[in-house]
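Engineer: predicted model and sequence below, questions to follow.
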Amino acid sequence: MANCVERYTALEYASLLRTPKLVHSMFDVNPPDPQRLFQDWNVLHCFLRLFCAISFLLAFALTELINGYGDDALAFIYAMGLSIFVFFTCQVPWHCVVKRSGWPGYRFWAFIYLVFSVISLGAWWHLLEKMSCHIMNQAHEQFRAPELRPRPRRVSSTWALGPFLFGLDNAFMFIACVRASQQARARETQGAAAPLLLDS
């Protein structure tokens, strides 16, 4: 797979990361241009993953430095390594879906993103269940005596936002791959069914 990735496509993909977008047309489940839909969601997905990874590593590095035993050089190496990994795990499918054609490849990436979407949305649902149980437990603890109440734990609803967003963009990339596969298969079928024109 890495052999199909060319240098100029990596530079082109990097330039797309400068202007990620989230517009109404990206929620079309029957897109006229599935490659464009895949590109928009893929770029947004990569941008969010890079932002989350770098933000987490910076927060971790600051915590380590405040505690007095941090290593900023090691944190920088981690940040660079993780950023490169995230970039290429997003750029490779973009290259194969947008820059290359062929319905077998589209079906492969459709399966990959279907699995990722199910896992992400499953994690989102699991976090929602945990938060709802936590809220119910807190409601029951209000009826206990103050000295019998356990120490409250902070639970933020934003924890479930990440899996939901990643599950959403994976789902739309799955839809884009399926539509691209259908269109490519239809073009191949039409081309095979077209009569041969012989010069007289």
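Structural biologist: Good, I have the coordinates. Numbers count the residues shown, from 1 in each chain.
Engineer: in the helix or strand containing residue 66, which residues are buried?
Structural biologist: Per DSSP states H and E: residue 66 is located in helix 34-67. For helix 34-67, burial by neighbour count (16 or more other CB atoms under 10 Å) applies to 34-35, 37-50, 53, 57, 61. Yep, even glycine has a C-beta here, placed from its N, CA and C like the rest.
Engineer: what about the next helix or strand after that helix, average pLDDT?
Structural biologist: Using DSSP H and E, the helix or strand that follows helix 34-67 towards the C-terminus is helix 72-94. For helix 72-94, mean pLDDT is 78.
Engineer: now for helix 72-94, which elements pack on it?
Structural biologist: Under the contact criterion of 3 or more CB pairs under 8 Å, 6 or more residues apart in numbering; DSSP states H and E, helix 72-94 touches helix 7-16, helix 34-67.
Engineer: the shortest one vs helix 72-94, what angle?
Structural biologist: With axes from the mean of the first three to the mean of the last three CA atoms, to 10 degrees as the criterion, the two stretches helix 7-16 and helix 72-94 enclose an angle of 110 degrees.
Engineer: run through who's touching helix 7-16.
Structural biologist: 39, 43, 87-88, 90-91, 94-95, 99 (CB atoms under 8 Å, 6 or more residues apart in numbering).
Engineer: mind putting these in JSON lines, distance to residue 127 included?
Structural biologist: Below are the contacts of helix 7-16 laid out as JSON lines (distance: CB to CB, whole Å):
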{"residue": "39", "distance to residue 127": "29"}
{"residue": "43", "distance to residue 127": "26"}
{"residue": "87", "distance to residue 127": "27"}
{"residue": "88", "distance to residue 127": "28"}
{"residue": "90", "distance to residue 127": "24"}
{"residue": "91", "distance to residue 127": "29"}
{"residue": "94", "distance to residue 127": "28"}
{"residue": "95", "distance to residue 127": "33"}
{"residue": "99", "distance to residue 127": "36"}
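Engineer: most neighbours out of those residues, which is it?
Structural biologist: The residue in those with the most neighbours, by other CB atoms under 10 Å, is residue 94 (24 neighbours).
Engineer: tell me the contacts of the closest residue to that one other than its chain neighbours?
Structural biologist: Once flanking residues are discounted, residue 94 sits nearest to residue 42: 4.9 Å by CB to CB, 6 or more residues apart in numbering. Residues near residue 42 by CB under 8 Å, 6+ apart: 90, 93-94, 97-98, 169, 173.
Engineer: and of these, the nearest to residue 127?
Structural biologist: residue 169 (17.5 Å; CB to CB).
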